[in-house]
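**Q** Generate a structure from the sequence data that follows.
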Amino acid sequence: MKFKQFLFLPLLLLVACNSSEGEPAVVPDSVLAGTNIAIPDNTAKDIYKVVLFGNSHIGGLSALINTLIVHGLANKTVTTREASSQLYLTDRLSDGASVNILKNETWTHVILQAQKYSQSGQVDYPTEGAQRWIQLAKAQQATPILFPEHPQRGNNTEGQMLYDLHLSIAAKQSACVAPIGLVWNKVIALRPELVLHHADGNHASYLGKFLSALVFYEIITANSADLLPYISSLEIDAQTQDFFGQFVSQVIAENPPCDYR
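**A** As a prediction, this is how the structure comes out:
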């Protein structure tokens, strides 16, 4: 444990070069020196600005989150952005464009996906990169939300494993943890005929993305997904929208994503 701490502290400055988003970003050592401030609570903001950092698994989520907030909370304003990259979170620390996306805007919520993990569970990959992104988000007074991916088709243990992995990250550096895999597991168990996966068995279908977006809606706004009205513009029938909302709110009640203390 002492050795791991030693590795974490020497990084006094992170100079991110080759930025396509303005000047190279410099992250001060005060942000990276092991601080663990409380999670900023931005649920009551009148204007939500949400950015998603991740790989192909975040594709299409920002638009759905936007739609849910617009229809669920008419008194709120929302903008969302997807910062997509094939880099893992640790690698993105040295990507100037990624760091500047975070630093050059006043975000209320930062969703973080693409922590490297072992599908077999036999290898433990470092999580310091995810922890640093959480620190950077909190330093900007944004709410960091960890995004454990949904399980791949036919894998009954991956969702819980990924959720537990991200809980372990939040235990070291306070952040919200979206119970995506737990929600998917429950819906798959109760309604196996619903197609949540893309044909590749890995990515989410439109229906699966909607289910995950409901989780983020409730975390961002602290409003129950179960109380969302039917949204006719979505390619999902009213019964399924209602069904998903019920189980998202139930799982979140049983597994609170954010500890703002």
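**Q** Going by C-alpha atoms from here, please, whenever you check contacts or count neighbours.
**A** Will do.
**Q** What is the neighbour count of Val78?
**A** 17 (other Cα atoms under 10 Å).
**Q** Repeat that for Gly181.
**A** There are 25 residues near Gly181, going by other Cα under 10 Å.
**Q** cool, Gly208 as well?
**A** 18.
**Q** what's near enough to touch it?
**A** The contact partners of Gly208, taken as Cα atoms under 8 Å, 6 or more residues apart in numbering, are 195-197.
**Q** Mind doing that once more with 7 Å?
**A** 196-197 (Cα atoms under 7 Å, 6 or more residues apart in numbering).
**Q** so it is in which element?
**A** In this assignment (DSSP states H and E), Gly208 forms part of helix 206-221.
**Q** pull the CA atoms of that helix into PDB?
**A** Taking Å, rounded to 0.1, in the frame of the first residue of the first chain, the C-alpha atoms of helix 206-221 are listed here in PDB:
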ATOM      1  CA  TYR A 206     -31.400   2.000 -28.400                       C
ATOM      2  CA  LEU A 207     -33.600   0.500 -25.700                       C
ATOM      3  CA  GLY A 208     -30.600  -0.300 -23.600                       C
ATOM      4  CA  LYS A 209     -29.200   3.200 -24.000                       C
ATOM      5  CA  PHE A 210     -32.600   4.500 -22.800                       C
ATOM      6  CA  LEU A 211     -32.500   2.300 -19.800                       C
ATOM      7  CA  SER A 212     -29.000   3.600 -18.800                       C
ATOM      8  CA  ALA A 213     -30.000   7.200 -19.600                       C
ATOM      9  CA  LEU A 214     -32.800   6.900 -17.000                       C
ATOM     10  CA  VAL A 215     -30.200   6.000 -14.400                       C
ATOM     11  CA  PHE A 216     -28.200   9.200 -15.200                       C
ATOM     12  CA  TYR A 217     -31.400  11.300 -15.300                       C
ATOM     13  CA  GLU A 218     -32.200  10.400 -11.700                       C
ATOM     14  CA  ILE A 219     -28.600  10.800 -10.500                       C
ATOM     15  CA  ILE A 220     -28.200  14.200 -12.100                       C
ATOM     16  CA  THR A 221     -31.600  15.700 -11.100                       C
END
